[in-house]
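Student: need a structure here:
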Amino acid sequence: MPKDKTNLAILIVLIAGTLWSFGALVVRYIEDARNVPWQYVFFRGITIFLLLNFYLFLKEGKSFLNNYSKIGLSGVIGGVSLGSAMMCFIWSITHTSAAVTLLMLAAMPFITAILGYFILKEKISTTTLTAIIIAAIGIIFMASNSNKIGTLFGLLVGLMSALGFSIFSVSLRWRKETPKFTTVAIAGLFCAIFSSLVLTVSDANFLTTFRNSSLSALHGLLVCCGLILYSIGSKDLPAADLTLLSLTEIIGGIFWVWLPIFGINEVPSENTIIGGVVITFALFYYSFFIKRNRRFIGMN
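Tutor: Numbers count the residues shown, from 1 in each chain. Next comes the predicted model:
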């Protein structure tokens, strides 16, 4: 592959990860965040669904509707799992630090490897298993030192979010012809429908402040723009490179909420930093190993 094309793909994926990394910062600006998670999920889900369908319309014309007939069981499972992961992300980050939530998401490659072994019968190499054990040590260390109930709840829900993202990844590999953007659109629709049901049953108001509604729409925009860029770059990069480049979202998200200029000043605890270093080391170790495998996982 031409070097210039590879470098451009790396830059595009880095930009995608950077856009996603601002998600944690956006959530931190929510007013009364713990009391309006379902309103936030509703507006973000609607935004993701509408924007992705608009993008597909511009790309494929009216024929983009045919993607929904090709979605199949794997697409439904993937969409519901991704939607659940999105909802768990909001619940996690509103109950614990952004660092804990994002570092739980960093465990996705390892959870995906385990699910792939049981569901797709994909073999787990000794080196991959070693990376999984290293990451598990970091997660256990962070959990064992989470003295506050809310922090531990946020950590566990963050792991559930990572599990949802991993099931989504496995569903794409289960049936590779599944239209991936349409699956993500279904995830947005699932978030909107599920949150609307919760709001209706609890007799809560769908509307929140203009600020919160705008932030949820902005978050949905960041998710969609990042996904489109990621899809462009991922076609020219192997899975190993994407694993490393995905650290942009994790590290960037932690950095933005700490940077004083944004006014959040959220400093990770010592235990979170130590556990995070262990998880990051596991990711580097894993990525170094799978560089031997030039497997491409481009989205369409």
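
Student: in which helix or strand would I find Tyr55?
Tutor: Tyr55 is part of helix 37-60 when elements are defined by DSSP states H and E.

Student: mind listing what's buried in that helix?
Tutor: Neighbour counts over helix 37-60 (16 or more other CB atoms under 10 Å) mark 37-53, 55-56 as buried. To be clear about C-beta, it is placed using only N, CA and C from the backbone, and glycine gets the same treatment.

Student: now swap in stretch 61-77 and tell me
Tutor: Buried, per 16+ other CB under 10 Å, within stretch 61-77: 64, 67, 71-72, 74-75, 77.

Student: nearest to Gly138, of those residues?
Tutor: Ile77 (28.8 Å; CB to CB).

Student: Would you mind measuring from the residue nearest to the closest one when sequence neighbours are not counted to Ser81?
Tutor: Nearest in space to Ile77, with sequence neighbours left out and distances taken as CB to CB, 6 or more residues apart in numbering, is Ser171 at 5.1 Å. Ser171 sits 7 Å away from Ser81, going by CB to CB, to the nearest Å.

Student: Of those two, which one has the most company?
Tutor: Legend: neighbour count by other CB atoms under 10 Å for Ser171 and Ser81, higher for Ser171 (25 against 22).

Student: Where does the more buried one fall, secondary structure wise?
Tutor: helix 149-174.

Student: elements contacting the next helix or strand after that helix?
Tutor: Later in the chain than helix 149-174, the nearest helix or strand by DSSP H and E is helix 180-201. On a contact count with 3 or more CB pairs under 8 Å, 6 or more residues apart in numbering; DSSP states H and E, helix 180-201 meets helix 37-60, helix 72-93, helix 149-174, helix 210-234.

Student: Between those, which one is closest to Val267.
Tutor: helix 149-174 (14.2 Å).

Student: Next one: Gly45, what pLDDT does it get?
Tutor: With respect to pLDDT, Gly45 has a value of 95.

Student: Identify the residues contacting it.
Tutor: 83, 86, 187-193, 195, 220 (CB atoms under 8 Å, 6 or more residues apart in numbering).

Student: and those as JSON lines, adding neighbour count, distance to Ser213 and pLDDT?
Tutor: As requested, these are arranged in JSON lines below (neighbours: other CB atoms under 10 Å; distance: CB to CB, whole Å; pLDDT from 0 to 100):
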{"residue": "Gly83", "neighbour count": "27", "distance to Ser213": "19", "pLDDT": "95"}
{"residue": "Met86", "neighbour count": "25", "distance to Ser213": "17", "pLDDT": "93"}
{"residue": "Ala187", "neighbour count": "27", "distance to Ser213": "20", "pLDDT": "94"}
{"residue": "Gly188", "neighbour count": "27", "distance to Ser213": "16", "pLDDT": "95"}
{"residue": "Leu189", "neighbour count": "19", "distance to Ser213": "18", "pLDDT": "96"}
{"residue": "Phe190", "neighbour count": "21", "distance to Ser213": "20", "pLDDT": "97"}
{"residue": "Cys191", "neighbour count": "31", "distance to Ser213": "15", "pLDDT": "96"}
{"residue": "Ala192", "neighbour count": "21", "distance to Ser213": "13", "pLDDT": "95"}
{"residue": "Ile193", "neighbour count": "15", "distance to Ser213": "18", "pLDDT": "96"}
{"residue": "Ser195", "neighbour count": "25", "distance to Ser213": "13", "pLDDT": "96"}
{"residue": "Gly220", "neighbour count": "25", "distance to Ser213": "11", "pLDDT": "95"}
